[in-house]
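>>> build me a model:
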Amino acid sequence: MLLQYAATRQDLLMNDAQLVARFEAAQSVSREAGELAISYFRRFGDLQVTAKGLQDMASEADVAVEALIRDRLAARFPEDGFFGEEGGRKDAADSDGGLWVVDPIDGTACFVMGIPVWCVSIAYVDGENVLLGVVYDPNADELFAARRDHGATLNGQPIRASDADSFTNGLVGIGYSTRTAPAPVITFLDRLLAEGGMFIRNGSGALMITYVGAGRLLGYYEAHLNSWDGAAAVAIVREAGGWTNDFLAGDGLLKGNPIAAAAPRLVRGMKQLAGLV
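Presented below is the predicted three-dimensional model:
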């Protein structure tokens, strides 16, 4: 069962060289996956799209890109598990190594409508520990990457979360899905606006959370997010000096969790807005 990953296992805490190899692979694979995704995106009007639920869809591009990522990583690290959004979950329990958590195209609703706001998200986790995260935006050719205890980068250059101390100093990302009632997000927005803050929603939770790490957004909140959408971005925020809640706690890997992220001087304020205190 996937639940075997809920408890941290000392034998999975790999040495630095092993993690570096995976970190380098995740970056190169994300770029290759992005190139494949872009090739589909350029003919988005011809894509075969399948509805998975209300406001939840997958395209043939999602399936093909996930297959590419899975095959490339399996060839390099056959001992690792794979947990992908589009059907890559079934063998995750069969591995003897850590676990890749992958969203081949985060922002599919934008992707299939020709809106260039989507990304490739690849994380590597051990239990509730996100050891590395890579988020690649092919439209902007921006590769965000982070490895535990080694900081976060954008195209190889260090990034840091904002040093703002007020929500009036920028924008806060907001996400919503029909998996939850509208009430939590409405409450959050009401509190944010009352403080003089402003919000943005661009259709990709992974990108918006990552932007917190890059200092572009002051924070992010969503009442429920799946692990493949947020794990890589969480690593980037934390390594960039920002804060997130314990996103993979409990059944977070399997069932998702609320997600909140913030610049370091706005952590208490974000917790209050999100009802976490």
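>>> center of the chain - which residue?
Centroid-nearest residue in the chain, with CA atoms, centre = their mean: residue 230, separated by 2.8 Å.
>>> element containing the closest residue to that one other than its chain neighbours?
Ranked by CB to CB, 6 or more residues apart in numbering and with sequence neighbours excluded, the top spatial neighbour of residue 230 is residue 259, at 5.2 Å. The C-beta positions use only the backbone N, C-alpha and C, and glycine is treated the same way. Following DSSP states H and E, one finds residue 259 within strand 257-262.
>>> tell me where the stretch 101-250 of the chain has helices.
108-111, 183-194, 205-213, 227-239 (DSSP state H, counting those that start in this stretch).
>>> of all the ones you listed, which one is nearest residue 16?
Closest approach to residue 16 among the helices of the stretch 101-250 of the chain (CB to CB): helix 227-239, 14.9 Å.
>>> from residue 107, how far off is the residue nearest to residue 230?
16 Å (CB to CB, to the nearest Å).
>>> same check on residue 123?
16 Å.
>>> these two - which one has more neighbours?
The residue with more neighbours, out of residue 123 and residue 107, is residue 123; 29 against 23, by other CB atoms under 10 Å.
>>> still on that earlier bit, thinking the residue nearest to the centre of the chain is in contact with residue 207, fair?
No: contact criterion CB atoms under 8 Å: residue 230 and residue 207 do not qualify, at 11.0 Å.
>>> the closest residue to residue 211 other than its chain neighbours: how many residues sit nearby?
Leaving aside its sequence neighbours, residue 211 sits nearest to residue 217 (CB to CB, 6+ apart; 4.3 Å). If you count neighbours by other CB under 10 Å, residue 217 ends up with 28.
>>> which ones are touching residue 217?
By CB atoms under 8 Å, 6 or more residues apart in numbering, the contact set of residue 217 is 162, 170, 171, 172, 173, 200, 208, 211.
>>> buried ones among those residues?
162, 170, 171, 172, 173, 208, 211 (16 or more other CB atoms under 10 Å).
>>> measure the first one to residue 277 for me?
Using CB to CB, one obtains 21 Å as the distance from residue 162 to residue 277.
>>> state the distance from residue 260 to residue 170.
Applying CB to CB to residue 260 and residue 170 gives a distance of 16 Å.
>>> Three-state assignment for residue 20, please.
Under DSSP: H, G, I helix; E, B strand; the rest coil, the three-state class of residue 20 is helix.
>>> and the closest residue to it other than its chain neighbours, bridged to which residues?
Excluding the flanking residues, the one nearest residue 20 by CB to CB, 6+ apart is residue 147, at 7.4 Å. Per DSSP bridges, the residues bridged to residue 147 are residue 132.
>>> mind putting the helices of the stretch 101-250 of the chain in a markdown table, distance to residue 41 and mean pLDDT included?
Formatted as a markdown table, the helices of the stretch 101-250 of the chain follow (distance: least, CB to CB, whole Å; pLDDT from 0 to 100):
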| stretch | distance to residue 41 | mean pLDDT |
| --- | --- | --- |
| helix 108-111 | 6 | 90 |
| helix 183-194 | 28 | 96 |
| helix 205-213 | 15 | 98 |
| helix 227-239 | 19 | 97 |
